[in-house]
Structure formats: structure tokens, C-alpha cells
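J.: With the sequence up front, the predicted model follows.
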Amino acid sequence: MYNIALHIKIRDWIYILLIGVLFGMCISTLGYTILEFPWVDGAAFGFILGFSITLFSLVFISNMNKRILPKLHEVYWLPLSIVFSFLSGFLGTIVGVNIAKLLNLSIIPEFEIHIFIISTLIGVLTYMVGALLYRFVKMRNQKDVIDHEYIQSRLRSLETQLNPHFLFNALNSIAELIHHDKDKAEMALLKVSSFLRNTMKEQALLSLNDELRNVTDYIELENIRFSGKINLNTVGEIPDWSVPKFSLQLLVENAIKHGFVNTNNGLDIKIGFDMRKKIIIIQNNGKAMERKSFGVGLNNLKQRLELLCKGNLTVEALEEPMFYIYLGDCCENISRR
């Protein structure tokens, strides 16, 4: 199993490369200048040396972390890390010096004479820097794990508020139907069962198509109670987006609960999409909203959008209530931001 403590991100390697190259150039340029060698050659030599050592480190340490250490007990990690870190510095130095020779760069004579001693010292230095880097990466990765678990626990807490919220409303509808039409009540129960089966998925995100299917099932359920007076209209092509589970259903449920003032009139719910801004627009012709504030259900949705998508939920119109769902970059693998 791959251990999170061994994971070094590409971004980390880019930083390591930049630091290694800049450090090599600065030290080499300073040394060349003090010894009255061409500083340009010193800068070029430092660049080659830093790049070569970092490249060997990337190849050795990445392969060690992915292919070797996960198969071994942690007691072997330290000695192997010492060996591979040392080899990165040692071989990187030898290769860097030979590349500099091929490019006809000036090389300090002592560097060539004592190449193996200097390569050994740089190998030891590379290990010491690598050890510090490992501690930093391990602490950062552990923090990421803690943050991820924290967010997941928050999401689980929020999602446990959704199903009871839906069930409460659905069962109330069925309780009313039982006294008036037992066949409709039985059909409603089957719809509830089908709806819950479709939505009882572990992932926090669904495709927009799947979410719209859930909305359709939900409206069919409510139309049993309202005699088919709820109309859903999806405008335009449906984008290939991911959305938080229950997001559209919750807004449709809210429209039915607060907007259906007179059952003699129908309720029209329209869902549209702003492709450029990645916004889902939900509007209904029901009762006007008094203020742009959210209750428990919509606050729940707003929090899940922030956690899963860096998104937001806003009220854009009160007269014919219009909601905007702003979708950022929706992702199941989230960390605290």
C-alpha cells in the first residue's frame, strides 16, 4: 500500500529544482569569482550541477518511494533513503562535472583532482537536505490527511441532515394521501423507495444528468399529491458537470414548499445553464420571497458547494424566485481551504 508520507507532489519537485539550481549557481559563481575564474562559467557550472543532482534525486527517490519502500517494513526506510539520497548527490556531481567538460566550461582544478571526495561530500549534503525535505513533506501530507478527514466528516454531517429533511416532507405527503387515495399513497411509497435507491450513493458528487433524473423522480412523487400541477422545464443543452448530491433537488423542494401558494394554479420550475460562467439557474413562478436569507436546508447546500466546489449559492430575484448555483472546480478529493 502506498503511504501518504512518501508522496512528493510535482509542485514540490519544481520548487526543489528551482532552489537546487539557484543555490548551485550562487555558490559556484561566488567560488569562481573569489578564485578569479570567469563568473559566467561559474554560473553555468552551478546550473548544470544543481540540475543534475535534482534530476538524479527525482529519478531515484520517486522510484524508491513508489516501487521499493511501500513493499518493505518502515525499519528499512531510513537506511535506503540514506543510500539513494547519497547516490543522487554523488552521481549527480560526477555527471554534472563531465557535462561541464563537454561544454568546455572552465572548471576549478581542485574540483577535478578531488572529484570523488567532493562528490562524496555533496552526496552527504544531499542526504541532509533530503532528510529535512522528508520531514517537511511528511508533516505537510499528514496535515492534508487531517484536513481531508475533517472535511469528509463535515460533509457526512451535512448529508445526514438531507435525507431526514426529504423523508419528513415525503412521508407527510403520503400521510395526507392515505386518507384520500390509498392507491396514490402506495404509488408515492414506491416513488420514495425508488428515489432513495437512486440517491443512496456514497460519493458526494453526482453528474448533472443523474441529479436531474433525481429531480424528475422527486417531482413525479410530488405530482401525486398536487395532481400533476408541477412542471419542470430544462432549458438548453445539459452540460457535462458534476454537482453536489441533492443540490438541485433541494432547490426544487424549496420551490414547492414555499412557492406553491394556490394549488389551483400550477408551479413552473425552470432550470437553465450559463456555460461560460459555470452557473446553474433555477427559477420558479411561485410565491415571491420576502428576503434573501436561507433556512437550514439552503444553508446546508451553500456549505456543501463551498466545500466540494469552491462554489456558492445566491438569490438573484425575489419576485419570481431565482437561485444561482455557482460551480467552481468540483472535486471529491478535497482539503480544507
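T.: Okay, I see it.
J.: Would you indicate which residues of stretch 256-274 are buried?
T.: 256, 258-260, 267-271, 273 (16 or more other C-beta atoms under 10 Å). Every C-beta, even on glycine, is put in place using the N, C-alpha and C of the backbone.
J.: Likewise for stretch 120-139?
T.: 122-123, 126-127, 129-130, 133-134, 137.
J.: Contacts for stretch 102-112, please.
T.: 31-32, 35, 37-38, 41-42, 44-45, 48, 97, 100-101, 118 (C-beta atoms under 8 Å, 6 or more residues apart in numbering).
J.: repeat that for 6 Å
T.: For stretch 102-112, contacts defined as C-beta atoms under 6 Å, 6 or more residues apart in numbering pick out 37-38, 41, 44-45, 100.
J.: So which of the buried residues of stretch 256-274 sit within strands?
T.: Members of the buried residues of stretch 256-274 lying in strands (criterion: DSSP state E): 267-271, 273.
J.: nearest to I10, of these?
T.: Lowest distance from I10 to these (C-beta to C-beta) belongs to F273, with 33.0 Å.
J.: Let me know the distance separating that closest one from P239.
T.: 6 Å (C-beta to C-beta, to the nearest Å).
J.: from the contacts of stretch 102-112, which would you call buried?
T.: 37, 41, 44-45, 100.
J.: CSV please, covering those and showing distance to S106, pLDDT and secondary structure.
T.: Output for the buried ones among the contacts of stretch 102-112, formatted as CSV (distance: C-beta to C-beta, whole Å; pLDDT from 0 to 100; DSSP: H, G, I helix; E, B strand; the rest coil):
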residue, distance to S106, pLDDT, secondary structure
F37, 5, 89, coil
D41, 4, 90, helix
A44, 9, 93, helix
F45, 8, 91, helix
A100, 9, 90, helix
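J.: Of those residues, which is the nearest to K245?
T.: The closest of the buried ones among the contacts of stretch 102-112, once distances to K245 are taken by C-beta to C-beta, is A44, at 56.3 Å.
J.: Please name the residues that touch the nearest residue to T314 once chain neighbours are set aside.
T.: Closest residue to T314 apart from its sequence neighbours, by C-beta to C-beta, 6 or more residues apart in numbering: Y324 at 4.8 Å. Going by C-beta under 6 Å, 6+ apart, Y324 touches 279, 281, 314, 316.
J.: quick one: Y324 is in a helix?
T.: No: counting by DSSP: H, G, I helix; E, B strand; the rest coil, Y324 falls outside a helix, being strand.
J.: Identify the bridge partners of it.
T.: I281, T314 (DSSP bridges).
J.: which residue ranges form the strands in the stretch 201-337 of the chain?
T.: Assigned by DSSP state E, counting those that start in this stretch, the strands in the stretch 201-337 of the chain fall at 205-207, 230-234, 242-244, 267-274, 279-284, 312-317, 322-326.
J.: picking that back up, okay if I get the buried ones among the contacts of stretch 102-112 as CSV plus distance to K302?
T.: Formatted as CSV, these follow (distance: C-beta to C-beta, whole Å):
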residue, distance to K302
F37, 64
D41, 60
A44, 55
F45, 57
A100, 59
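J.: just those now: which is nearest L205?
T.: Closest approach to L205 among those (C-beta to C-beta): A44, at 49.8 Å.
J.: Leaving out sequence neighbours, find the closest residue to that closest one.
T.: Per C-beta to C-beta, 6+ apart, closest to A44 is L105, 5.6 Å.
J.: so the one you found, which of the three states?
T.: coil.
J.: Let me see the contact set for M322.
T.: M322 makes contact with 283, 316 under the criterion C-beta under 6 Å, 6+ apart.
J.: no, scratch that, I was asking about C309
T.: Counting by C-beta under 6 Å, 6+ apart, C309 has contacts 327-328, 330.
J.: Okay, domains of this protein per the record?
T.: Domain assignment of the chain by automatic domain parsing yields the ranges 4-147, 181-326.
J.: Out of these, flag the one nearest A175.
T.: Checking these against A175 by C-beta to C-beta gives domain 181-326 as the closest, at 8.4 Å.
J.: I'd like the domains of the chain as JSON lines, with distance to S173 appended.
T.: Below are these laid out as JSON lines (distance: least, C-beta to C-beta, whole Å):
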{"stretch": "domain 4-147", "distance to S173": "40"}
{"stretch": "domain 181-326", "distance to S173": "5"}
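J.: on that earlier part again, of all the ones in strands among the buried residues of stretch 256-274, which two lie farthest apart?
T.: Greatest spatial distance among those (C-beta to C-beta): L267 and F273, at 20.8 Å.
J.: Tell me which of the domains of the chain approaches A170 most closely.
T.: Evaluated with C-beta to C-beta, the domains of the chain place domain 181-326 nearest to A170, the distance being 5.1 Å.
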